[in-house]
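Enquirer: quick one: sequence and predicted model below, then my questions.
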Amino acid sequence: MTITWNDSIPIYRQLHQRVVAMILDGALNEGDPLPSVRQVAADFQINPLTVSKAYQELVDERLVEKRRGLGMFVIEGAREELLKSERERFLREEWPALYARLQRLGLDLKTLLRETQAEPEKHA
């Protein structure tokens, strides 16, 4: 887990977002353990309470569960629930501004797809 901290967002939120991204990307699968609070705190030289706060939010959101004496684990269905909520959030919060910008720039779906498909060729 490599992280560069952004000073404008609390570290616990950034850590929370990173774990969510890892679940969505498949780097953490259902049933997988999260790194221990102590390990994350040591690796990133942050306060263990900061890690605990991020992990507690994940528990509160029912994405991970605490197993006494074993640690934190991604629960079954976490990825599907995240996909659903992140899609809804994107469509509600991000898409309107993105769509408006595409309109201002005169870009359409066909152009975007053509550019996206050409992108790998540019780096080959």
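Expert: That came through, no problem. Numbering: from 1, shown residues only.
Enquirer: tell me the domain boundaries of the chain?
Expert: By the assignment in automatic domain parsing, the chain contains the domains 11-78, 79-122.
Enquirer: quote the end-to-end distance of the longest one.
Expert: In other words, domain 11-78. Length of domain 11-78, first residue to last, CA to CA, to the nearest Å: 22 Å.
Enquirer: next: stretch 66-76.
Expert: 13 Å.
Enquirer: repeat for stretch 66-81
Expert: First-to-last residue span, stretch 66-81, CA to CA: 18 Å.
Enquirer: quick one: that stretch to chain centroid distance?
Expert: Between the centre of stretch 66-81 and the centre of its chain there are 16 Å (CA atoms, centre = their mean, to the nearest Å).
Enquirer: residues in contact with it?
Expert: Stretch 66-81 has contacts (CB atoms under 8 Å, 6 or more residues apart in numbering) with 23-24, 26, 28-34, 36, 55, 58-59, 62-65. All C-beta atoms are positioned from the backbone trio N, CA, C, and that covers glycine.
Enquirer: select, out of the domains of the chain, the one closest to Trp5.
Expert: Nearest to Trp5, of all the domains of the chain, is domain 11-78, at 5.9 Å by CB to CB.
Enquirer: what is the mean pLDDT for that closest one?
Expert: Domain 11-78 shows a mean pLDDT of 96.
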